[in-house]
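J.: return a 3D structure for these sequence lines:
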Amino acid sequence: ADLFDGIVMAEQRFHGEGYQEGLAEGSHAGMAEGRRYGALHGARIGSEIGCYLGFALTWHCLLQKCTDEKNSKKIRALDSLIGVIQKFPYEDPTYDKLQEDLEKIRGKFKQVCSMLNIQSDFRIGTERPSLTF
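T.: Numbering: from 1, shown residues only. Below you'll find the model as predicted:
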């Protein structure tokens, strides 16, 4: 009975071994693909936020010289944008409100652009990210 058991159960055994090998290989490939996607997506977000921060810091420096009421409102809006960006948790990829905070930053950026009478257009594509005015 043992001799025939090996022959009869071979299909089931090979099926189980194949499943385990496929699971291990798929898990490895999925991890590698996930890392590539995460690095790419993280680089895009970092580039976008870095562009916003550079924009805000530059305009903040330009407006520091003027002290009228209109410019003080713009400076407060820029300070708010800079503050939101500086609080963004860059080091925590598992942060559950990442998309929510990113949308707040984008909204604040659009508000600042509106106050400065600047048309903003942030593009991410094959060429490097840029702002156009």
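
J.: what residues does the residue positioned nearest the centre of the chain make contact with?
T.: By Cα atoms, centre = their mean, the chain has its centre lying nearest to Ile45, at 3.5 Å. Going by Cβ atoms under 8 Å, 6 or more residues apart in numbering, Ile45 touches Leu102. (C-beta placed from N, C-alpha, C; glycine too.)

J.: state the distance from it to Asp101.
T.: Taking Cβ to Cβ, to the nearest Å as the measure, Ile45 and Asp101 are separated by 11 Å.

J.: pLDDT below threshold where in this structure?
T.: 1-2, 122-133 (pLDDT under 70).

J.: ok, now how distant is the residue nearest to the centre of the chain from Ser72?
T.: From Ile45 over to Ser72 the distance is 31 Å, taken as Cβ to Cβ.

J.: helix/strand/coil for Gly18?
T.: helix (DSSP: H, G, I helix; E, B strand; the rest coil).

J.: so who does it touch?
T.: Taking Cβ under 8 Å, 6+ apart as the test, Gly18 contacts no residue whatsoever.

J.: mind listing the helices for this structure?
T.: For the chain, the helices defined by DSSP state H occupy 2-8, 10-63, 69-87, 98-115.

J.: distance to Asp121 added to the ones you listed, as CSV?
T.: What follows is these, written out as CSV (distance: least, Cβ to Cβ, whole Å):
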stretch, distance to Asp121
helix 2-8, 68
helix 10-63, 11
helix 69-87, 17
helix 98-115, 10
